[in-house]
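**Student:** Quick check, what structure comes out for this input:
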Amino acid sequence: MKRRYLLNWLAGAAATLIVAGCGNNGTSTQNSFTTSSSAPAGNAAQGSASEIQKITIGYLPNIVMPQPLIGLVDNEFARQVPGVSFASKDYPAGPAVLEALRAGVVDIAYTGPYPPIKAYAKDKDIVLLAGAGSGGTELLVAQSSPIKSVKELKGKIVGVNQLGSTVDALVRYNLIKAGLQPDKDVQLVAVPPAEQAEALKADQVQAVASPAPWPSTVRLSGGRALLDWKQILDNGNYLQGVVFTTRKFAEANPNFIKQFVTAHRAITDRLNKDRTKGDAQVLAAWSKVTGASLKPDVAKAAFATIIYTNEADQKSLERDMKIAAEVGILRKTGDLTGFVYTE
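**Tutor:** Model prediction:
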């Protein structure tokens with residue numbers, strides 16, 4: 001009965017998304033901003049990226065990866081890379097962004113690390129430019145749920161932001177650690193982050209997982225953490241956000257890539273210099289993109305689970321690749337030499 005009810009609910013949700021189109025509600029997709037600098041293109045004295053004049057960035061509208069929010073909504077990328085205009089499309093999770101990147105719909109991508117690692121392991125056509133954020137992912141159940149451990153999710157339905165995403169991989173990894181077989185002992189389904197609180201409340205799913213700030217909104221609606229952001233992996237020391245592009249694009253536009261990465265790093269460093277001020281700026285940009293808002297105490301709790309970073313060290317990436325292989329996202333581990341882009 002629950003399975004039939006879930007299928008009906010998912011069909012209804014899909015119909016709602018079709019009607020809503022590009023609605024700014026954080027559940028779908030492809031809201032866009034276009035920003036540009038008034039500086040002339042090709043001005044080498046100002047360090048202009050002369051190879052290209054327009055860039056589209058695909059990203060996930062969450063606060064774990066603040067750089068695209070600040071870079072696009074607050075026009076920071078355009079200010080720091082003169083002569084280039086920036087457009088954007090937002091997506092619910094990483095696999096959709098990767099698909100858009102390979103299709104040429106977007107030029108630069110911000111997602112969790114698992115989609116680009118999978119892509120590189122298979123075809124070697126993706127290069128990682130920098131880290132963006134770590135932490136922020138939680139697995140939650142309803143406050144009234146009798147479930148007290150991951151092992152008790154046997155026979156239950158878990159909603160994740162998208163199958164094949166970094167969040168999906170972390171959930172599957174914890175299920176396996178608890179002795180459960182994903183897709184056999186536990187059913188995993190895609191539920192857009194902004195709809196997870198309602199799905200959990202209606203018992204359409206018995207647990208949900210997504211990146212910040214969505215777990216905090218689930219808590220506000222009567223949820224509690226089964227695994228908090230530190231318990232889900234390595235005391236919170238896991239990448240939840242990276243920025244990458246295709247090798248072909250990077251090699252064709254080296255000057256732009258250098259300037260873009262410099263701008264990305266400058267945003268990260270500025271936000272870390274004053275986290276209180278920086279978090280407020282990130283929240284304002286996120287609210288503008290999603291049309292959602294957070295109460296101050298909820299926002300504070302959400303930002304406390306996130307570390308903004310530019311780093312993506314080889315050891316961490318290799319661990320992520322092993323997890324991807326263990327949970328079935330990758331068929332087998334491979335060599336990540338060359339994955340991190342260097343000029």
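**Student:** isn't residue 330 right next to residue 121, touching?
**Tutor:** Yes: the criterion here is Cβ atoms under 8 Å, and residue 330 meets it with residue 121 at 5.7 Å. The C-beta positions use only the backbone N, C-alpha and C, and glycine is treated the same way.
**Student:** Overlap of the contact sets of those two?
**Tutor:** Counting by Cβ atoms under 8 Å, 6 or more residues apart in numbering, the contacts common to residue 330 and residue 121 are 321, 324.
**Student:** Helices along the stretch 1-150 of the chain, start to end?
**Tutor:** For the stretch 1-150 of the chain, applying DSSP state H, counting those that start in this stretch gives helices covering 2-20, 66-68, 76-80, 94-102, 114-123.
**Student:** Among the ones you listed, show the one with the smallest mean pLDDT.
**Tutor:** Lowest mean pLDDT within these: helix 2-20, at a mean of 38.
**Student:** got a list of what residue 241 touches?
**Tutor:** By Cβ under 8 Å, 6+ apart, the contact list for residue 241 reads 60, 64, 65, 110, 111, 112, 131, 132, 133, 134, 211.
**Student:** mind checking the end-to-end distance for stretch 300-314?
**Tutor:** End-to-end distance of stretch 300-314 (Cα to Cα, to the nearest Å): 31 Å.
**Student:** pLDDT of that stretch, averaged?
**Tutor:** Average pLDDT, stretch 300-314: 91.
**Student:** same check, this time on stretch 334-343
**Tutor:** Averaging pLDDT along stretch 334-343 yields 85.
**Student:** Report the distance from that stretch to the chain centre.
**Tutor:** From the chain centre to the centre of stretch 334-343 is a distance of 21 Å (Cα atoms, centre = their mean, to the nearest Å).
**Student:** Which residues outside it are in contact with it?
**Tutor:** The contact list for stretch 334-343 (Cβ under 8 Å, 6+ apart) reads 116-117, 120-121, 124, 126-129, 245, 247, 250, 254, 257-258, 312, 314, 317-318, 321.
**Student:** Give me the buried subset of the residues you listed.
**Tutor:** The neighbour-count criterion (16 or more other Cβ atoms under 10 Å) marks 116-117, 120-121, 126-129, 245, 247, 250, 257, 312, 317, 321 among these as buried.
**Student:** Could you work out the most separated pair of those?
**Tutor:** Farthest-apart pair in the buried ones among the contacts of stretch 334-343 is 257 and 321; separation 23.4 Å (Cβ to Cβ).
**Student:** what's the pLDDT at residue 192?
**Tutor:** The model reports residue 192 with a pLDDT of 90.
**Student:** again, but for residue 92
**Tutor:** pLDDT recorded at residue 92 is 81.
**Student:** Run a quick neighbour tally on it.
**Tutor:** When neighbours are counted by other Cβ atoms under 10 Å, residue 92 registers 26.
**Student:** Specify the residue ranges that define each domain of the protein.
**Tutor:** 20-135+237-327, 137-235 (automatic domain parsing).
**Student:** Where among those domains is average confidence lowest?
**Tutor:** When I compare the domains of the chain, domain 20-135+237-327 is least confident, with a mean of 85.
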